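Novice: requesting a structural model of the entry that follows:
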Amino acid sequence: MNSDAADELDRGRIEESTAILHAKVVSEIGDVIGEVSDLLLDLQHGHLSTVLITRQNSKDEKSQQIAVPWSVLHRTKEMSFEIRCSMEKLERAPELDPKHEDSALTRQWATTVYDHFGIKQREIKQEKAASVEDYQLSRATSLKNIRVNDLKGAELGHVIGFAIATRDGLLVYAGLAVTKSDQGLQAIPLSAFIVKPSQPEWLLDIAVEALIERPNFPKSAWPTAIDRGWSEYVHVLYGRPVFEGVRSAPKAVAVNP
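Specialist: Residues are numbered from 1 along each chain as shown. Below you'll find the model as predicted:
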């Protein structure tokens, strides 16, 4: 097994996105700061970009959404998140303005978040110029239950959530509930999906019959790690690398509204 393949398996614990949402956030001394209100996902590059925390502003007691890098949050034994930074830095953290949210949710905006906390953002290998739309970040809450179709427009199922490698925030797979099956969820690598910007459906190049026959896992018991077998399974069945972002939809593919 080469070093790249081995690295794919060394990602530590895997956690489901919906288990992170609404978790309590505390300071290093245990004071409650707020809760995780959303996760901003970089789908094009396959990782969790930043985390939104809803908190009360200490100056005027108004609710605000601040953004922090995933790496400053650490799980506690009580299953909350401890934020490891000074309160002064937290007070000045970049805030998401709901009036300008659409223009704010970009990789460029995320860079200001990382710079504020003095953390190096994950390097992205950009092989070709991307459009402004390609740089948009997506809210995890807006993607829950997003419909997935085959290339002919027939419904395959919907996404329940995402498996996130807690060590570095990579999106390992999406949990897909298949429409014609009640036997659990399918673990679909993000790189297998074809996504057309601004469309409410994702595409998957697979027949529903073949999808039903593949191994699944219970909705209440997401796998907490990946192994060599699963990595090889992904490469063989989908012909795609495990840790990579979604693909842009070809213009010839028509997604049904």
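Novice: which non-adjacent residue is nearest residue 76?
Specialist: residue 82 (5.3 Å; Cβ to Cβ, 6 or more residues apart in numbering). Backbone N, C-alpha and C define where each C-beta goes, glycine included.
Novice: contacting residues for residue 17?
Specialist: 39, 140, 161-164 (Cβ atoms under 8 Å, 6 or more residues apart in numbering).
Novice: mark which of those are part of strands, please.
Specialist: 39, 161-164 (DSSP state E).
Novice: so which of those comes closest to residue 110?
Specialist: Nearest to residue 110 among these: residue 39, at 11.9 Å, using Cβ to Cβ.
Novice: separation between the closest one and residue 20?
Specialist: 6 Å (Cβ to Cβ, to the nearest Å).
Novice: need the overlap of contacts for these two.
Specialist: 51, 164.
Novice: more crowded one of those two?
Specialist: residue 39 (26 against 22; other Cβ atoms under 10 Å).
Novice: for this structure, give me the ranges with low pLDDT.
Specialist: Counting by pLDDT under 70, the ranges of the chain that qualify are 1-12, 57-61, 100, 102-103, 124-135, 198, 249-257.
Novice: domain parsing for it?
Specialist: Taking automatic domain parsing as the criterion, the chain consists of the domains 18-117, 144-248.
Novice: show the end-to-end separation of the shortest one, please.
Specialist: For domain 18-117, the separation between the terminal residues is 25 Å (Cα to Cα, to the nearest Å).
Novice: how deep is residue 171 tucked in, by neighbour count?
Specialist: With other Cβ under 10 Å as criterion, residue 171 counts 26.
Novice: how much space is there between it and residue 216?
Specialist: Counting by Cβ to Cβ, the gap from residue 171 to residue 216 is 19 Å.
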